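Chemist: Sequence and predicted structure below; questions after.
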Amino acid sequence: MDITQDRLKILEIMSSLSIDRASRALSKSLRTGARISLSKVFIADLSGATEKMNEDQREMISVMVDFKGDEGCKLLFMLPLEGSLIITDLFLRNRLGTSKEYDIFTESAVQELGNILASHICNALVSDFNAKLIPQPPQIRNDYAGVIFSNLVMEQGIVDDKLLLIETIFEISGTKLECYLFLVPEMTSFTKLLDTIGVKT
């Protein structure tokens, strides 16, 4: 993968704006303090990223959203089971600690979280950068981090040994939830978008 620092910086700005909108929407929906902030945008070694995910042996609940359009990408958000139970209680307006196990309510809460993240990230990219993206229905999975991440890599059709990852920090109700949020763009289509908005170098 060959991408200049100028292009990487533009991708960082695009990601930061879209994630900020999603953060404000989530906070409003949950009626509590919720913040998603950009951690870093970087070119990752595929084998290293996969090894890191495989080392995390916790049970995860994930939501993956596929964006179709001229500039395709995938969003993957996953958090440990304990974190998904907190999300469930917040959506249901229950006292934290009420939810004890993964069930249809947990799945619905995580799916709604995925819808919020996907729709607002998509809206920001469309309105600010004229991207053409349409989020598809979120896919919910309950598995280990390595299995989920490997599925993302396979679905994205990554054949290079490098991939672009956008990592974020997720905090809710004053508590930092350990989680992963990745935006993985299809580099060919995003290169065309960057060309369109004038980032030629």
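Modeler: Received the coordinates, thanks.

Chemist: Excluding chain neighbours, what is closest to Asp143?
Modeler: Counting by CB to CB, 6 or more residues apart in numbering, Asp143 lies nearest to Met60, which is 6.4 Å off, once chain neighbours are set aside. Heads up, the C-betas are built off the backbone N, CA and C, glycines and all.

Chemist: do Lys100 as well
Modeler: That would be Leu85: by CB to CB, 6+ apart, it lies 7.1 Å from Lys100.

Chemist: on that earlier part again, partner strands of the host helix or strand of the residue nearest to Asp143 and their direction?
Modeler: Take DSSP states H and E as the rule and Met60 turns out to sit in strand 59-69. Strand pairing for strand 59-69, using DSSP bridges, gives strand 73-80 (antiparallel), strand 133-135 (antiparallel), strand 139-144 (antiparallel).

Chemist: For the second one, buried residues please.
Modeler: The one in question is strand 133-135. For strand 133-135, a neighbour-count test (16 or more other CB atoms under 10 Å) marks Leu133, Pro135 as buried.

Chemist: helices and strands of the protein: which one bottoms out on pLDDT?
Modeler: helix 187-196 (a mean of 59; mean pLDDT, DSSP states H and E).

Chemist: if we can go back for a sec, the residue nearest to Asp143 pairs with what?
Modeler: Legend: beta-bridge partners of Met60 under DSSP bridges are Pro80, Asp143.

Chemist: Quick check: it touching Phe77?
Modeler: No: counting by CB atoms under 8 Å, Met60 does not reach Phe77; the two are 10.0 Å apart.

Chemist: give me the number of residues near the closest residue to Leu81 other than its chain neighbours?
Modeler: In this structure, Leu81 finds its nearest non-sequential neighbour in Glu59, 4.7 Å apart by CB to CB, 6+ apart. The tally of other residues near Glu59 (other CB atoms under 10 Å) stands at 13.

Chemist: Let me see the mean pLDDT of the strand holding Met60.
Modeler: Mean pLDDT, taken over the full extent of strand 59-69, equals 87.

Chemist: Could you give the separation of that strand from the chain centroid?
Modeler: Distance of strand 59-69 from its chain centroid, counting by CA atoms, centre = their mean, to the nearest Å, is 7 Å.
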